[in-house]
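Undergrad: Dropping a prediction and its sequence here:
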Amino acid sequence: MDNIVNQFTKIPTTAVSDAMDGMNNMESSIKPLKEVYKIVGRAFTVQMPVGDNSMILRAFNEAKPGDVIVVDAKGDTYRAIAGDFMVSIAQTLGIQGIVVDGVIRDIVGIKALDFPVFCKGTTVAASAKSGGGKVQVPISCGGVTVHPGDLIVGDADGVVVIPQEKEEEILKKAKEKLEKDEQREQQVAGNPEAIRKYLNDMIAKLSK
Ligand SMILES: O=C([O-])CC(=O)C(=O)O
Ligand SMILES: [Mg+2]
């Protein structure tokens, strides 16, 4: 695993978001199928025509193990971009997860595979496989621009996209933010007087 990817696995999406000043998080309707899922990997992007998922098969074939397939399905919630068969293929090829601004089907089977899918929900209808779409181009997913190779960090709270050129800076900031949060928690934990002091200090700052 690339070192920077490895380091981000220890950092929650909330700290990444704070380091990015709240920018670049996907819309909250894109959720993990299970709360325990945590993904950190490089985006392999897919742009598909609404209702046609053939380009995702090409993505599975071309992506590297550890990559996260990020799909621009134009927000369509009628046709599934994948089901348990397609997800099992991705899993066997070592793909780390799928993030889509659309829906999947065969949800029971996909949950049984324990493969991280972040999506808007489920449907019954399949997509066509007639062709069209692109891989490894800049896309829009969940209101965020995603370039091939950007870092995708997802967990129970949502999905954040870190532009590749900013990843070192964001990693440093996110680590600092985590440390600060831990110190703050330790200062007040279980101590009403310390909580009063913290609140008074914060309020005093506001009124300046
Ligand atoms: O084949 C599809 O497009 C969707 C599906 O049901 C599967 O992957 O199991
Ligand atoms: Mg199926």
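TA: Thanks, I have it. Ligands and ions are numbered 1, 2, ... in the order given.
Undergrad: Distance-wise, check residue 198 relative to residue 137.
TA: 48 Å (Cβ to Cβ, to the nearest Å). The C-beta positions use only the backbone N, C-alpha and C, and glycine is treated the same way.
Undergrad: ugh, wrong one, residue 164
TA: 15 Å.
Undergrad: go on, residue 168?
TA: 25 Å.
Undergrad: try residue 67
TA: 15 Å.
Undergrad: do residue 128 as well
TA: On the measure of Cβ to Cβ, residue 128 and residue 137 end up 21 Å apart.
Undergrad: cool, and residue 98?
TA: Taken as Cβ to Cβ, the span from residue 98 to residue 137 is 17 Å.
Undergrad: In terms of neighbours, single out the busier of those two.
TA: Higher neighbour count among residue 98 and residue 137: residue 98, with 29 against 13, using other Cβ atoms under 10 Å.
Undergrad: For the protein, give the strand that spans the most residues.
TA: Across the chain, the strand with the greatest residue count (assigned by DSSP state E) is strand 39-47.
Undergrad: Over to residue 118. Which of the three states is it?
TA: Reduced to three states with DSSP: H, G, I helix; E, B strand; the rest coil, the structure at residue 118 is strand.
Undergrad: wouldn't it be in contact with residue 31 here?
TA: Yes: contact criterion Cβ atoms under 8 Å: residue 118 and residue 31 qualify, at 6.5 Å.
Undergrad: Please say which of those two ends up with more neighbours.
TA: Per other Cβ under 10 Å, whichever of residue 118 and residue 31 has more neighbours is residue 118, with 25 against 19.
Undergrad: Spatially, what comes nearest to the residue in the chain that ligand 2 sits nearest to if we skip its sequence neighbours?
TA: Relative to ligand 2, the nearest point of the chain is residue 83 (3.1 Å; Cβ to the ion). With Cβ to Cβ, 6 or more residues apart in numbering as the criterion, residue 83 has its nearest non-adjacent residue at 3.8 Å, and that residue is residue 106.
Undergrad: Near ligand 1, which residues of the protein? Just list them.
TA: When proximity is defined by Cβ under 6 Å from any ligand atom, the chain lies next to ligand 1 at 53, 80, 82, 83, 84, 85, 86, 105, 106, 126, 127.
Undergrad: how about the biggest helix by length in the chain: buried residues?
TA: If you go by DSSP state H, the chain has its longest helix at helix 167-188. Across helix 167-188, burial judged by 16 or more other Cβ atoms under 10 Å covers 167, 170, 171, 173, 174, 177, 178.
Undergrad: That'll do, ta.
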